[in-house]
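Colleague: Next input, structure requested:
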Amino acid sequence: MKKTAFWTLLMAVVLCLSCGAKAVDLKTYYAKADGKNGAGLKTALYQTIHNHENIGYDGLLSAYHESDCRADGKLRDWYSNVTNFVIGGSAENHAYKKEGDGYNREHTVPQSWFGSGEMKSDLVQVIPTDGYVNNRRSNYPMGENNGEVYSSANSYSKVGACKVSGYSGTCFEPNDEIKGDIARIYFYVLACYENLHPNWTSGYASNVFDGKTYPGLKDWSLKMFLRWAKEDPVDDVERARNEVVYAKQKNRNPFVDYPSLCEFVWGDSISYAFDVSLGHGQQQGGDDVDPDVNPDDPDVNPDDPDDDPDDNPDDDNPVVNPDAKGGTIDFARVTWTSTTHPTYGNGYTTTVNGLTISYYTYQSQNAVVERDGEVRLYKGAVMVIEGAEVTGVVFHASDSKLATLQIDGQSYEWVDQSTVTWEGSMNPFVVTALGGQSRIASLDVTVKEGETVVDALPVNISGTEEISVFDTQGRFLGHHYPLRRGTYVLRRGSKTQKILVK
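Modeller: Residues are numbered from 1 along each chain as shown. As a prediction, this is how the structure comes out:
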């Protein structure tokens, strides 16, 4: 979820510089994780991050000067958004009767669950919070509730009966702004303390941890944390804190370094080998627009087709073809060319209606076969649709040999031995065959509508409001027409147009 202005105050860049950490080659640091998945990947992460320096319980208070310092110099309070504590000041470990009296050290995995040891002073999982709110959290599991037992100021943190399917006991709900952060802390704990967490089976811990090395969490909790990680993705604040952790205790949270890593351990990519050379959701260069992607750059000649051919603001975004449209894709009418994907392996690709359709063999799994106007997806094979935000797909079978399909972590069965229907929003659209083989003759594809596509400038948007220009990732570029080639979104008042500058 989007961070509010409160969190934008946090000095992410300053934190990185102040911690004095040197750049880390992640491919080398996580070499043991390369090519692994599922339980094996979790163990490889344990071998990588478990042996770290113990900064001590008192060392946490010192570390907060760098790990949890807002831009105004005050403490980043994880459980309250109304406090203004001076780090190391009189509020540190101060007695409390209400919210705002003082702050203390909060174990996101409660200490009563795991006892003593180095985990008590692990900077990743011990965070600074308002003492009173932390006290109301008690040692309840993380969850989602209505705040009927307690709500902090602005309902920033809440205590109540858990609404997540699978657990109905009392739980503590952190704010949406930090739910992803909390989820990635729990993933870190599962990996870093793989030797310990199978023993956490008493009290509330038994409602969260499953007493096993893998997966490690009860199903309800694991699904919730995976969802939280998606809904609240990694931001610069988390990245900066991770660098402070590395400088202080010489290990890292891999789920911050590789935001989609949790999916390869527990989620919808569990069947695929993790490749440390790929970004897996890493943000390149923060939220700021690259200064070289400036639509007002006087050095760019819009009439020169060869000027800056590689400087396209869409290079790091999902592929968007302004000519893409929905319709029926009949595999008997297409021509395939060979291709290779860094994760999915070898395959074939074609272009229809401005959409790129590809199918791949996953590593050593059975081959994907195109024969007699049909595509046969065997177990582990993947089909990808790129070029637009896909909002619906109907698969039409060519005969009765059918297998379950997986889309965005959900399983889909064939209906009446003829069709599978999916609706949602995805770019790129990815479907995986879970077993056997599915023989597909055609697809009915729908794509996101509502934006007008034009070929070139000038753009005809009526109205008197000032025009605003964004790239396709939603980053604001200015109030002038773009000059570089690429795809842009122009807004004036309530009207929106997508343009392609050729």
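
Colleague: all contacts plus neighbour counts: C-alpha atoms, from now on.
Modeller: Noted.

Colleague: so Pro254 sits right up against Tyr188, yeah?
Modeller: Yes. Checked against Cα atoms under 8 Å, the pair Pro254 and Tyr188 is within contact range at 7.2 Å.

Colleague: Tell me the residues that contact both of these two, please.
Modeller: Taking Cα atoms under 8 Å, 6 or more residues apart in numbering as the contact criterion, no residue touches both Pro254 and Tyr188.

Colleague: Show me which strand runs longest in the chain.
Modeller: Longest strand of the chain, by residue count under DSSP state E: strand 437-447.

Colleague: hmm, who's touching it?
Modeller: Against strand 437-447 from outside (Cα under 8 Å, 6+ apart): 325-332, 373-379, 388-404.

Colleague: ok, Lys448 - contacts?
Modeller: So Lys448 contacts 388-391 (Cα under 8 Å, 6+ apart).

Colleague: Gly203 too?
Modeller: Trp113.

Colleague: Please, which helix or strand holds it?
Modeller: Assessed by DSSP states H and E, Gly203 sits outside every helix and strand.

Colleague: low-confidence ranges in the stretch 301-450 of the chain?
Modeller: Scanning the stretch 301-450 of the chain for pLDDT under 70 picks out the ranges 301-320, 322, 362-372, 449-450.

Colleague: if we go to 80?
Modeller: Filtered on pLDDT under 80, the stretch 301-450 of the chain yields the residue ranges 301-323, 341-345, 361-373, 400-401, 415-417, 435-436, 449-450.

Colleague: List the backbone torsions phi and psi for the closest residue to Phe429 other than its chain neighbours.
Modeller: Among residues not flanking Phe429 along the chain, Ile385 sits closest, at 5.0 Å (Cα to Cα, 6 or more residues apart in numbering). Main-chain torsions, Ile385, degrees, to the nearest 10: phi -120, psi 120.

Colleague: pretty sure Ile385 contacts Tyr360?
Modeller: No. Using Cα under 8 Å, Ile385 makes no contact with Tyr360, being 11.7 Å away.

Colleague: What helices and strands are in contact with the longest helix along the chain?
Modeller: Looking across the chain with DSSP state H, the single longest helix is helix 176-192. Packing contacts for helix 176-192, counted by 3 or more Cα pairs under 8 Å, 6 or more residues apart in numbering; DSSP states H and E, involve helix 38-49, helix 219-231, helix 254-257.

Colleague: Identify the residues contacting the first one?
Modeller: Residues outside helix 38-49 that contact it (Cα under 8 Å, 6+ apart) are 29-30, 32-33, 36, 191-194, 214-215, 251-254, 264-266, 270-271, 274.

Colleague: Over to the longest one?
Modeller: Helix 219-231 has contacts (Cα under 8 Å, 6+ apart) with 1, 143, 164-167, 179-181, 183-184, 208, 262-263, 267.

Colleague: can you give me the angle that helix makes with helix 176-192?
Modeller: Calculated by axes from the mean of the first three to the mean of the last three Cα atoms, to 10 degrees, helix 219-231 forms an angle of 120 degrees with helix 176-192.

Colleague: average model confidence for helix 219-231?
Modeller: Computed over helix 219-231, the mean pLDDT rounds to 96.

Colleague: So Arg76 is in contact with Asp130, correct?
Modeller: No. Look at Arg76 against Asp130 with Cα under 8 Å: they stay out of range, at 9.9 Å.

Colleague: what touches both of these two?
Modeller: By Cα under 8 Å, 6+ apart, Arg76 and Asp130 have no common neighbours.

Colleague: Quick check: buried residues in stretch 52-59?
Modeller: 52, 54-57 (16 or more other Cα atoms under 10 Å).

Colleague: As TSV, those with distance to Asn427 and secondary structure would be great.
Modeller: Below are the buried residues of stretch 52-59 laid out as TSV (distance: Cα to Cα, whole Å; DSSP: H, G, I helix; E, B strand; the rest coil):
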residue	distance to Asn427	secondary structure
His52	39	coil
Asn54	43	coil
Ile55	43	coil
Gly56	45	coil
Tyr57	45	helix
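
Colleague: All the helices of this protein, in order from the start?
Modeller: Using DSSP H, the helices of the chain run over 5-8, 12-19, 26-29, 38-49, 57-67, 111-114, 131-137, 176-192, 205-208, 219-231, 236-249, 254-257, 261-265.

Colleague: ok now the fourth one, how far from the chain's centre?
Modeller: This means helix 38-49. Distance of helix 38-49 from the chain centroid (Cα atoms, centre = their mean, to the nearest Å) equals 20 Å.

Colleague: Over to the last one?
Modeller: Averaged C-alpha coordinates place helix 261-265 at 11 Å from its chain's average position (Cα atoms, centre = their mean).

Colleague: List the contacts of Tyr204.
Modeller: Residues near Tyr204 by Cα under 8 Å, 6+ apart: 113, 139-141.

Colleague: With respect to Asp101, which of those is nearest?
Modeller: Within the contacts of Tyr204, distances to Asp101 taken as Cα to Cα reach their minimum at Asn139, with 20.6 Å.

Colleague: still on that earlier bit, by neighbours, which of the contacts of Tyr204 wins?
Modeller: Pro141 (24 neighbours; other Cα atoms under 10 Å).

Colleague: doesn't Cys171 make contact with that one?
Modeller: Yes. Assessed by Cα under 8 Å, Pro141 is found in contact with Cys171 at 5.0 Å.

Colleague: buried sites along the longest strand of the chain?
Modeller: For strand 437-447, the neighbour count (16+ other Cα under 10 Å) marks 437-443, 445-447 as buried.

Colleague: quick one, domains of the protein?
Modeller: 5-265, 292-318+450-502, 327-447 (automatic domain parsing).
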